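A.B. asks: I'd like to go over a predicted model; first the sequence, then the structure.
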Amino acid sequence: MAVLVFLAVESTAVASLGTPLLPTVQRDDHVSLAASQWALTITLLAGAVATPVMGRLGDGRLRRQTTLGGVAFMLAGCVLSALPAGFAVFLAGRALQGTGLGLVPLATAVARDDLPADRSRPTIALIGVTTAAGIGIGYPLVGLLAEYLGLAAPFWFVAALSALALAAGAAVLPPSPRREVRLDLTGALTLGLGITGLLLALAEGPVWGWASPASLGCAAASVGLLAGWVVIELRASRPLINLRLLRHRSVLAANVTAFLVAVGFYPLASLVVRYAATPPGAGYGFGASVVVAGLMLTPFSVASFAASRVAGLLARRTSAELVVAASCVLLIASMLAFLFARGGYWQIVVAMALDGFGVGCVYAVNPLQITGGVPAAETGSAISFYQLVRTVAYSLGSTLSATVLVLYLARGRVFPSDAGYSAAAVVCTAVLVAALAASALFAIWPGRADTPAAAITAGRR
C-alpha cells in the first residue's frame with residue numbers, strides 16, 4: 001500500500017516540476033517564453049500518449065514489467081533533465097518523465113486486484129487524492145532547491161526518489177495477473193496522434209494565432225483523428241479503451257465531472273504563483289521569492305490529504321455523485337475567494353485550502369466510481385482513460401488562463417494588469433459552475449446500480 005501511494009505521489013510531483021521553473025528555464029537556457037513553455041507541455045503530451053497504452057498493458061500479464069518500466073523511464077528522464085547538455089536534451093528528459101503519469105492507473109489496478117477488500121477501497125481513494133496533492137508538494141520543494149542549488153538540483157533529487165521507487169517496486173509489487181491482453185496498435189496510434197495535435201494546438205495557439213491556418217488546421221485534424229479513434233474503438237474486438245463502459249452512470253459521471261473540475265481548478269495554482277511573485281510595483285502582488293510563492297500551495301496538499309478520509313465516509317453514507325456536487329461548491333468558493341480577496345497571504349492560503357479540500361474529495365471518489373462500474377480486467381484501461389481526460393483538461397485549463405492573462409497584458413508591459421487575474425478567476429468559476437450542474441444531474445439521475453457484472457454484460461452487447 002505504501003509503495004503504491006508513493007508511486008502516485010512521485011509521478012505527479014515529477015510532472016509538476018515545470019511550472020515554478022519556467023522563468024529559470026527561460027533564463028538559464030536562453031530560450032523564448034514560448035519555447036520555455038514546452039517544459040510543461042511536453043510532459044503532459046508524453047503522459048497523455050503513454051497513459052492509455054500503459055493502462056491496457058497493465059490489465060494483463062505485463063503489469064509488473066510495465067510499472068517498473070514506467071519508473072525506469074521516469075528515472076532516466078530526471079537524469080537527462082539534470083545534465084548540462086542543452087535545451088533539447090532537457091526537453092527529451094521532460095518527455096520521458098511524462099511516462100510517470102501512466103503509473104496511476106497501474107497502481108489502482110494493483111490495489112484492486114492484490115489488496116484485501118478492507119484495504120483496497122481506501123487505498124484506491126488515497127491514490128486518487130495523491131494525484132492532486134502531489135502538485136502542491138512539488139512546487140515549494142522545487143522552488144527551494146532551484147533557488148539555492150540551481151536548475152539541476154530538483155531533477156537530481158527526484159532522480160534519487162525514482163531510484164528508490166524502482167527498488168521498492170521491484171521488491172514488493174506482486175506478480176502480474178495471468179490475463180492475456182492484446183494491444184490495439186491502430187487505436188493507440190490514432191489516439192496518440194489526435195492528442196498530440198490537440199495539445200500542440202493548445203500550446204502554440206498564442207504564438208501561431210488562434211485563428212491562423214496552422215492552429216485551425218491542427219485542431220481540425222486532431223478532432224478528425226479523435227473522432228476516428230472513437231469509431232475504431234467501438235468496432236474493435238479488443239479495444240485500447242472500452243468506451244462502452246461509459247454507458248454506466250458512475251463511470252460517465254467520474255469522467256465528465258473530472259474533466260470540468262480539472263479545467264476549472266487547475267489554473268488557480270499557476271495564477272497564485274504568478275500573482276504572489278509579481279512585484280508590488282505592478283500595482284498588485286507581493287514580490288515573493290520562488291520558495292514563498294510555492295509555499296502558498298502547501299495548504300492545497302494538506303487539505304487534499306485530509307479530504308480523502310472525509311470523502312470516503314460521506315460517499316458510503318450518501319453517494320459519490322453527491323460528494324462531488326458538494327465539493328464543486330467548495331471549489332467555486334475557493335475561486336470566488338481569490339476573485340474578491342487576494343490582498344494578503346492569508347487570503348490566498350484560505351483560497352488554496354478550500355481548493356485542495358474540494359479537489360481532494362472529488363479525486364478520492366472518482367476512482368471508486370470507476371472501479372465500481374467496470375470489471376477487474378478493465379480497471380487499468382478505465383483508469384488510464386480517466387487519467388487521460390484529466391491530463392487534457394489540465395492542458396486546456398492552463399492554456400485558457402494564460403490566454404486570458406495575455407489579453408490583459410499591455411504593449412511594452414512585463415506583467416498583466418490585476419484585472420487579468422479577476423477575468424481568469426471568472427472564467428474558471430463559470431467552468432466550475434458547469435461542473436456543479438453536471439454533478440448535481442448525475443446525483444439525481446435514477447440510473448440503476450453499476451456493478452462489474454453489469455459492466456461486462458454491457459461491454460459484450
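C.D. replies: Great, that's in hand.
A.B. asks: Domain map for the protein?
C.D. replies: 2-176+240-460, 184-239 (automatic domain parsing).
A.B. asks: any idea which of those domains is most buried?
C.D. replies: domain 2-176+240-460 (a mean of 21; mean count of other CB atoms under 10 Å). C-beta: built from backbone N, CA, C; applies to glycine.
A.B. asks: Quick one, grab the pLDDT at residue 240.
C.D. replies: We have a pLDDT of 78 for residue 240.
A.B. asks: now residue 93, what's its secondary structure?
C.D. replies: When classified by DSSP: H, G, I helix; E, B strand; the rest coil, residue 93 comes out as helix.
A.B. asks: pLDDT weak spots in the stretch 351-461 of the chain?
C.D. replies: Across the stretch 351-461 of the chain, the ranges flagged by pLDDT under 70 are 380, 446-461.
A.B. asks: Helices along that one, start to end?
C.D. replies: 379-407, 418-444, 452-460 (DSSP state H, counting those that start in this stretch).
A.B. asks: The stretch 201-350 of the chain too?
C.D. replies: Using DSSP H, counting those that start in this stretch, the helices of the stretch 201-350 of the chain run over residues 213-235, 249-265, 267-277, 290-295, 298-317, 320-340, 345-371.
A.B. asks: Among the domains of the chain, show the one with the smallest mean pLDDT.
C.D. replies: Among these, domain 2-176+240-460 scores lowest, at a mean of 82.
A.B. asks: Could you check which helix or strand contains residue 54?
C.D. replies: helix 38-57 (DSSP states H and E).
A.B. asks: from the middle of its chain, how far away would the next helix or strand after that helix be?
C.D. replies: Once helix 38-57 ends, the next helix or strand along the chain (criterion: DSSP H and E) is helix 63-82. Put simply, helix 63-82 sits 18 Å off its chain's centre (CA atoms, centre = their mean, to the nearest Å).
A.B. asks: swap in stretch 198-214?
C.D. replies: 22 Å.
A.B. asks: Other residues contacting that stretch?
C.D. replies: 34, 37-38, 41, 44-45, 48, 215, 218-219, 222-223, 226, 392, 395-396, 399, 402-403, 406 (CB atoms under 8 Å, 6 or more residues apart in numbering).
A.B. asks: With stretch 426-439 instead?
C.D. replies: The contact list for stretch 426-439 (CB under 8 Å, 6+ apart) reads 253, 256-257, 260-261, 263-265, 267-268, 321, 324-325, 327-329, 331-332, 335-336, 339, 397, 400-401, 404.
A.B. asks: contacting residues for residue 58?
C.D. replies: Contacts of residue 58 (CB under 8 Å, 6+ apart): 66, 67, 105, 106, 109, 380, 384.
A.B. asks: Max pairwise distance over those residues: which two?
C.D. replies: With distances taken as CB to CB, the most widely separated pair in the contacts of residue 58 is 67 and 384, at 12.6 Å.
A.B. asks: how close does residue 4 sit to residue 363?
C.D. replies: 15 Å (CB to CB, to the nearest Å).
A.B. asks: my bad, should have said residue 391
C.D. replies: In terms of CB to CB, residue 391 sits 13 Å off from residue 363.
A.B. asks: same thing with residue 263?
C.D. replies: Residue 263 sits at a distance of 14 Å from residue 363 (criterion: CB to CB).
A.B. asks: try residue 236
C.D. replies: 30 Å.
A.B. asks: wait, isn't residue 7 in contact with residue 169?
C.D. replies: Yes - the pair residue 7 / residue 169 is scored as a contact, 6.8 Å apart, by CB atoms under 8 Å.
A.B. asks: Need the overlap of contacts for these two.
C.D. replies: Shared contacts of residue 7 and residue 169, defined by CB under 8 Å, 6+ apart, are found at 67, 71.
A.B. asks: Quick one: end-to-end distance for stretch 12-30.
C.D. replies: 27 Å (CA to CA, to the nearest Å).
A.B. asks: should've said stretch 401-413
C.D. replies: 18 Å.
A.B. asks: Check stretch 262-273 too.
C.D. replies: Start-to-end span of stretch 262-273 (CA to CA) is 18 Å.
A.B. asks: and what of stretch 178-187?
C.D. replies: 24 Å.
A.B. asks: How about residues contacting it?
C.D. replies: Defining contact as CB under 8 Å, 6+ apart, one finds that stretch 178-187 is touched by 53, 56-57, 59-62, 229, 232-233, 236, 238-241, 377.
A.B. asks: which pair in the residues you listed spans the largest distance?
C.D. replies: Across the contacts of stretch 178-187 (CB to CB), the longest gap, 25.5 Å, separates 61 and 229.
A.B. asks: From residue 41, how far out is the nearest residue to residue 320 once chain neighbours are set aside?
C.D. replies: Once flanking residues are discounted, residue 320 sits nearest to residue 365: 4.2 Å by CB to CB, 6 or more residues apart in numbering. According to CB to CB, residue 365 and residue 41 sit 29 Å apart.
A.B. asks: circling back to that earlier point, so which of the contacts of residue 58 is the closest to residue 350?
C.D. replies: Among these, and counting by CB to CB, the member closest to residue 350 is residue 105, at 33.3 Å.
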